[in-house]
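> below: sequence and its predicted model.
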Amino acid sequence: MINQLASPSVCVVDDDPKEYGPILAALNNLYVSCIHILGNEISALPAQPFKRLQLIFLDLHLNNSVGKTAASHTANVFTKLVSTQTAPIVVVIWSKYAQVPDGGDETAAELFKKTLLRAEPGYKGKLIFVEMPKPMPDARPEDWTGELRTEIEKALTDQAAVEVLWTWDSTVRDACMGVSEGLTAIAAVSADKAGTKLTESLTDAMQRLAKAQGEGDLSAATAPGHLITVLTQLLIDQLENSDTKALAAHGKWLATEPPKAAPADFAAQMNGLLLTASASPDTTPFMPGTVYRLSDVRRFGDLYGGDLVSFMDVCTSLKSTQPKWHDWLKDAWPVLVEISPACDVAQNNRVNTLLVGGLIVPAALGPHRKPNGDSFACLPLIHLRWPAPDFAAQDAALIFCYRYKVAGPIDAIPDWVVPWFRLREMPTASLRAAHSGHAARIGYVFI
C-alpha cells in the first residue's frame with residue numbers, strides 16, 4: 001500500500017552531508033516534500049526510475065571522481081532516477097565546480113550534459129537545465145539554509161510555462177483530494193448510521209459505484225474499470241469547477257500573441273496529442289475509438305465485400321487520369337475504427353462490434369480526400385506517433401466513409417486486424433454521431 005506514494009516530484013542528489021543537509025532544510029522551510037539520494041552507489045538506487053519527478057537538484061561529483069569518470073557516474077545515476085517518459089524536468093545543477101574545466105576544455109556541467117544525452121538520447125527535448133551556485137566551504141554564509149531558500153527561488157525564475165504545468169499538476173492533485181473527500185463524507189454518514197468503521201463504509205461505497213456503472217457486467221476483471229469511469233467523471237467535475245486563482249498571474253502572457261509564427265508542423269503535432277492516443281493494451285476487444293490496420297490489405301474484401309481500389313476511389317476527389325491518383329493508390333492505407341457506444345461496452349450490452357472503414361494518407365495527399373458530408377468524415381491533420389510496417393510515423397490525414405460499415409463478433413479480433421492507435425473519446429463521439437445521422441437519412445417522393 002505504501003508503495004503507491006513512492007513517486008516523488010522533487011529529488012536532491014548529493015553525497016556530502018555538509019551540503020545536502022542545508023538544502024534539505026531549505027526545502028523543508030519552503031514546505032516542499034522531497035526525497036534525498038546519495039548517488040554514490042549504483043546498487044542503492046531504485047529499481048525503476050521515478051515517473052513523476054519534476055525537479056531535481058544534482059551535484060556533479062558523487063563519488064570523489066573527476067572528469068569523464070565523474071560525468072559518466074552522475075549520468076548513470078540520473079538514468080536510474082529519472083524516467084525518459086516524464087517531461088519537462090527542471091535539472092538544477094548544484095555543484096562547486098559546474099563552471100570549472102573538468103579535465104579538458106569543457107566545464108563539468110557541459111561534460112555531464114553531453115555524456116547524459118549520449119548515454120540516453122530519450123532525454124533530448126525533455127530536460128531544462130539551470131544552475132544554482134554552491135559556494136566553497138570557506139565562502140558559505142553563516143545562515144546558509146536561509147540563503148539557499150533565496151537561491152532556490154532565484155534559480156527557478158523565468159520558467160513561467162513550467163510553473164503553469166506545475167500549477168496544473170497541483171490542481172489535479174487537489175481535485176483528486178476533492179473526490180476522495182466527497183466519497184469519504186458520504187461513507188462517514190453511512191458508518192455513523194450503521195455503526196461500522198469508516199474503512200468498511202468506503203469499501204461498501206466503492207462496491208456500489210462499480211455495480212451501478214457496470215449494471216449487468218460486474219466481475220473481478222471489469223469492476224476496476226467501472227470504478228475508474230465513475231471516479232473520472234467526478235474528477236472532471238472537480239477540475240471544471242476548480243479555483244483558477246493560482247493561474248491568474250499567468251493570464252497576461254497566456255493571452256499574448258506568440259512573437260513568432262507557429263512551426264509548419266505545429267498543428268499536426270498538437271492535433272496528434274489532442275485527438276489520438278496509443279492503443280489501450282489488455283482491454284476489451286474492439287474498444288471504441290481504436291483504429292485498426294490490416295496486416296493483409298487483400299482481406300479488405302472479406303470485411304466489406306467490395307475491392308480495395310474501388311473503396312480508395314470513393315474516398316478521393318482525384319480522377320484516375322490525374323498523376324496524383326497513382327500516389328493515392330500507393331500511399332493510402334485502409335483502416336477501421338470502432339464506434340460502438342461506450343455505455344454499451346461498459347455495461348456489456350454490445351452484441352457485435354461496429355467497424356467503419358477509412359483510409360490514412362500522408363499529409364501531402366490530405367487535400368485530395370473527399371470533403372466532409374453525409375457519407376464522409378475527415379479528421380484534422382494529425383502527427384502519427386506509431387509507425388507501422390507499411391506506414392511511417394509522419395503527419396497524416398484520416399478519412400472515413402459511413403457507407404462502409406460492418407458488424408462482427410466482439411469476443412475475438414482476427415489476426416490480420418491489428419490494433420494501431422486510438423482516437424480519443426470526443427473525435428470518436430463525433431464519428432458516432434455523424435454515422436447515426438447518415439444512417440437516419442430520409443428520402444421520399446412526393447408530388
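All right, it came through fine.
> please enumerate the strands of this structure.
Assignment of strands within the chain using DSSP state E yields the ranges 10-13, 35-37, 55-58, 89-93, 127-131, 276-278, 290-294, 333-338, 353-362, 376-378, 382-383, 395-408, 417-423.
> can you lay out these as CSV showing mean pLDDT and distance to M177?
In short, each C-beta sits where N, CA and C put it, glycine included. Rendered in CSV, the data for those read as follows (pLDDT from 0 to 100; distance: least, C-beta to C-beta, whole Å):
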stretch, mean pLDDT, distance to M177
strand 10-13, 96, 19
strand 35-37, 95, 21
strand 55-58, 96, 21
strand 89-93, 95, 24
strand 127-131, 95, 28
strand 276-278, 94, 26
strand 290-294, 94, 33
strand 333-338, 95, 35
strand 353-362, 95, 39
strand 376-378, 94, 40
strand 382-383, 96, 35
strand 395-408, 94, 39
strand 417-423, 94, 29
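> which parts of the chain belong to which domain?
As recorded under automatic domain parsing, the domains making up the chain are 2-158, 164-248, 266-439.
> wait, which of these is closest to L254?
Proximity of the domains of the chain to L254 was assessed by C-beta to C-beta; the nearest stretch is domain 164-248, lying at 7.7 Å.
> and the closest one, how far from the chain's centre?
22 Å (C-alpha atoms, centre = their mean, to the nearest Å).
> could you do stretch 309-326 as well?
Taking the mean of its C-alpha atoms, stretch 309-326 sits 36 Å from the chain's own mean (C-alpha atoms, centre = their mean).
> end to end, how far does that stretch reach?
The first residue of stretch 309-326 is 11 Å away from its last residue (C-alpha to C-alpha, to the nearest Å).
> mind listing the helices for the stretch 51-200 of the chain?
If DSSP state H, counting those that start in this stretch is used as the criterion, the helices of the stretch 51-200 of the chain fall at 67-81, 108-119, 144-155, 160-194, 198-214.
> would a markdown table of those with mean neighbour count be doable?
A markdown table is the format used below for the helices of the stretch 51-200 of the chain (neighbours: other C-beta atoms under 10 Å):
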| stretch | mean neighbour count |
| --- | --- |
| helix 67-81 | 20 |
| helix 108-119 | 19 |
| helix 144-155 | 16 |
| helix 160-194 | 14 |
| helix 198-214 | 16 |
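> and the domains of the chain as CSV, adding distance to T256?
Output for the domains of the chain, formatted as CSV (distance: least, C-beta to C-beta, whole Å):
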stretch, distance to T256
domain 2-158, 16
domain 164-248, 14
domain 266-439, 17
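> closest to I447 out of these?
Each of the domains of the chain was scored for nearness to I447 using C-beta to C-beta, and the closest is domain 266-439 (24.8 Å).
> quick check: end-to-end length of the closest one?
Between the opening and closing residues of domain 266-439 there is a gap of 35 Å (C-alpha to C-alpha).
> which of the helices of the stretch 51-200 of the chain sits closest to F129?
Closest among the helices of the stretch 51-200 of the chain, using C-beta to C-beta: helix 108-119, at 6.5 Å.
> may I have that closest one as PDB, with CA atoms only?
This file holds the C-alpha atoms of helix 108-119, laid out as PDB (Å, rounded to 0.1, in the frame of the first residue of the first chain):
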ATOM      1  CA  ALA A 108      31.900  19.900 -15.600                       C
ATOM      2  CA  ALA A 109      28.400  21.000 -16.400                       C
ATOM      3  CA  GLU A 110      28.900  20.800 -20.200                       C
ATOM      4  CA  LEU A 111      30.700  17.400 -20.000                       C
ATOM      5  CA  PHE A 112      27.800  16.000 -17.900                       C
ATOM      6  CA  LYS A 113      25.100  17.200 -20.300                       C
ATOM      7  CA  LYS A 114      26.900  15.800 -23.300                       C
ATOM      8  CA  THR A 115      27.600  12.500 -21.500                       C
ATOM      9  CA  LEU A 116      24.000  12.100 -20.400                       C
ATOM     10  CA  LEU A 117      22.400  12.800 -23.800                       C
ATOM     11  CA  ARG A 118      24.900  10.400 -25.400                       C
ATOM     12  CA  ALA A 119      24.000   7.700 -22.900                       C
END
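> rounded mean pLDDT for that helix, please.
In this model, helix 108-119 has a mean pLDDT of 93.
> list the contacts of it.
Among residues not part of helix 108-119, those counted as contacts by C-beta atoms under 8 Å, 6 or more residues apart in numbering are 60-61, 67-68, 70-72, 74-76, 78-79, 93, 95, 97-104, 106, 123-124, 129, 131.
> over to stretch 286-297?
For stretch 286-297, contacts defined as C-beta under 8 Å, 6+ apart pick out 276, 279-280, 300, 308, 333-342, 345, 353, 355, 360, 388-391, 398, 410, 413, 415-425, 427-428, 432.
> narrow those to those that are buried.
276, 279, 300, 308, 333-340, 342, 345, 353, 355, 360, 388, 391, 398, 410, 413, 417, 419-423, 427-428, 432 (16 or more other C-beta atoms under 10 Å).
> sketch out the low-pLDDT regions of the stretch 1-150 of the chain for me.
Within the stretch 1-150 of the chain, the set of residues satisfying pLDDT under 70 comprises 102-103.
> buried residues in stretch 297-308?
For stretch 297-308, by 16+ other C-beta under 10 Å, it's 300, 303-304, 308.
> how close does E19 get to H36?
Taken as C-beta to C-beta, to the nearest Å, the spacing of E19 relative to H36 amounts to 11 Å.
> same check, this time on S83
For S83 relative to H36 (C-beta to C-beta), the value is 19 Å.
> neighbours of the nearest residue to M136 once chain neighbours are set aside, how many?
Closest residue to M136 in three dimensions, ignoring its sequence neighbours and counting by C-beta to C-beta, 6 or more residues apart in numbering: K96, at 5.9 Å. Counted with other C-beta atoms under 10 Å, residues neighbouring K96 total 18.
> correct me if wrong: K96 contacts D138.
No: at 11.3 Å, K96 and D138 do not qualify as touching, with contact defined as C-beta atoms under 8 Å.
> between the strands of the chain, which gets nearest to A439?
Of all the strands of the chain, the one in closest proximity to A439, counting by C-beta to C-beta, is strand 395-408 (7.4 Å).
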